[in-house]
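> 3D, please:
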Amino acid sequence: MRLFAGSANRPLAQEVAAYLGIELGPIVLKQFADGEIYLQIQESIRGCDVYLIQPTCRPVNDHLMELMIMIDACRRASARQITAVIPYYGYARADRKTAGRESITAKLAANLITESGSNRVLAMDLHSAQIQGYFDIPFDHVYGSPVLLDYLANKQLSDIVVVSPDVGGVARARAFAKKLDDAPLAIIDKRRQAHNVAEVLNVIGDVAGKTAVLVDDMIDTGGTIAQGAALLRKEGARQVYACATHAVFSPPATERLSSGVFEEVIVTNTIPIREEDRFEQLTVLSVANVLGEAIWRIHEDSSVSSMFR
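Okay, the predicted model is just below:
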């Protein structure tokens, strides 16, 4: 087994390597003056199982291109099997055509990763589970929810209601609620006017006097989840917590999330969080053990799905 990391999230990669008890492989990664990426693997990987850790987060295009160059370098170095470990899969929101003449970028990114030479993909909390079907190679989908659930369980919150910030996230919220002692479920009815612009209408379900836990796969600009929290407060929720796997945090997310509507915003470290995006109510949990265990099980040809039963 050989483990390498791109520049997107080296701290997470180092935690995964520590869990597996191995060192990150040596790699030279730099840019030419015009922005072209140069990469060289600095040890022999002939006949090895290689795992490349690289979330395709901001700057998305650079990190996606970097991942493809890493895969290509490993393929040309005669690696036996190349697994792209993508803690955060970018370009996932355009997973179908909702209007004429649109691109399905989730499928395009899948094609690029596959054609680069990857033999397998390991990703965490896809924006929609159907993206697994866009790949013609084995795909392992793991979840950050066990880490979030363990943290919430230790807080021993009372009268919990799990809230989906939109209709599309109901399945995710229902699964989360089931593992949180079968907590009741509420849904925020929302209509999106444009990309990154949401209008919240009403709450379906009883939240009055309860501790509301908003669950989503990602927080981007924070508009949806912050408006949802404000509405829950208006409907009588006693406390409001936000849980999300991916902290994308595009401006003005920090201002919205730290405005006082949340007791706590709980995210994971699939994406590195800049110092200027940290605030008092933010808690960042590590998913390194989940990714490390999944990598080990793939390497040993044992079940990955059984981790979440």
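> Could I get the full set of helices for this structure?
10-20, 60-76, 105-116, 145-155, 170-179, 223-234, 253-257, 288-299 (DSSP state H).
> Next, the buried residues of the last one.
By that I understand helix 288-299. Residues of helix 288-299 classed as buried by neighbour count (16 or more other C-beta atoms under 10 Å): Ala288, Val290, Leu291, Gly292, Glu293, Ala294, Ile295, Trp296, Arg297, Ile298. Using the backbone N, CA and C atoms, a C-beta is placed for each residue, glycine as well.
> How about the second one, nearest residue that isn't a chain neighbour?
Among residues not flanking Val290 along the chain, Val142 sits closest, at 5.8 Å (C-beta to C-beta, 6 or more residues apart in numbering).
> Repeat that for the fourth one.
Spatially, and ignoring its direct neighbours in sequence, Gly292 is nearest to Tyr19 (3.3 Å; C-beta to C-beta, 6+ apart).
> you'd agree the one you found is up against Asn289?
Yes: using C-beta atoms under 8 Å, Tyr19 is in contact with Asn289, at 5.5 Å.
> related to what we said a few turns ago, the residue nearest to Val290 and Val121 touch, don't they?
No: with contacts counted by C-beta under 8 Å, Val142 stays clear of Val121, the gap being 11.1 Å.
> can I get the buried residues of helix 288-299 in CSV with distance to Thr56 and pLDDT?
Below are the buried residues of helix 288-299 laid out as CSV (distance: C-beta to C-beta, whole Å; pLDDT from 0 to 100):
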residue, distance to Thr56, pLDDT
Ala288, 18, 98
Val290, 18, 98
Leu291, 15, 98
Gly292, 20, 98
Glu293, 22, 98
Ala294, 18, 98
Ile295, 18, 98
Trp296, 23, 98
Arg297, 23, 97
Ile298, 20, 97
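> What about Phe262, how many residues nearby?
Neighbour count of Phe262, defined by other C-beta atoms under 10 Å: 24.
> How about Ile82?
Using other C-beta under 10 Å: Ile82 sits among 26 other residues.
> just Tyr241 next, same as before
25.
> Report the spatially nearest residue to it, omitting neighbours in sequence.
Val213 (4.8 Å).
> I'd like the average pLDDT over stretch 182-191.
Regarding stretch 182-191, the rounded mean pLDDT is 89.
> So which bits of it are buried?
Result for stretch 182-191 [16+ other C-beta under 10 Å]: buried residues Ala183, Leu185, Ala186, Ile187, Ile188, Lys190.
> Please put the alpha-carbon coordinates of that stretch into PDB.
This file holds the C-alpha atoms of stretch 182-191, laid out as PDB (Å, rounded to 0.1, in the frame of the first residue of the first chain):
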ATOM      1  CA  ASP A 182     -35.500   7.500  16.300                       C
ATOM      2  CA  ALA A 183     -35.900  11.300  16.800                       C
ATOM      3  CA  PRO A 184     -38.900  12.900  15.000                       C
ATOM      4  CA  LEU A 185     -38.400  14.600  11.700                       C
ATOM      5  CA  ALA A 186     -39.300  18.100  10.400                       C
ATOM      6  CA  ILE A 187     -38.900  19.500   6.900                       C
ATOM      7  CA  ILE A 188     -38.300  23.100   5.700                       C
ATOM      8  CA  ASP A 189     -40.300  23.900   2.600                       C
ATOM      9  CA  LYS A 190     -38.100  26.000   0.400                       C
ATOM     10  CA  ARG A 191     -38.200  27.400  -3.100                       C
END
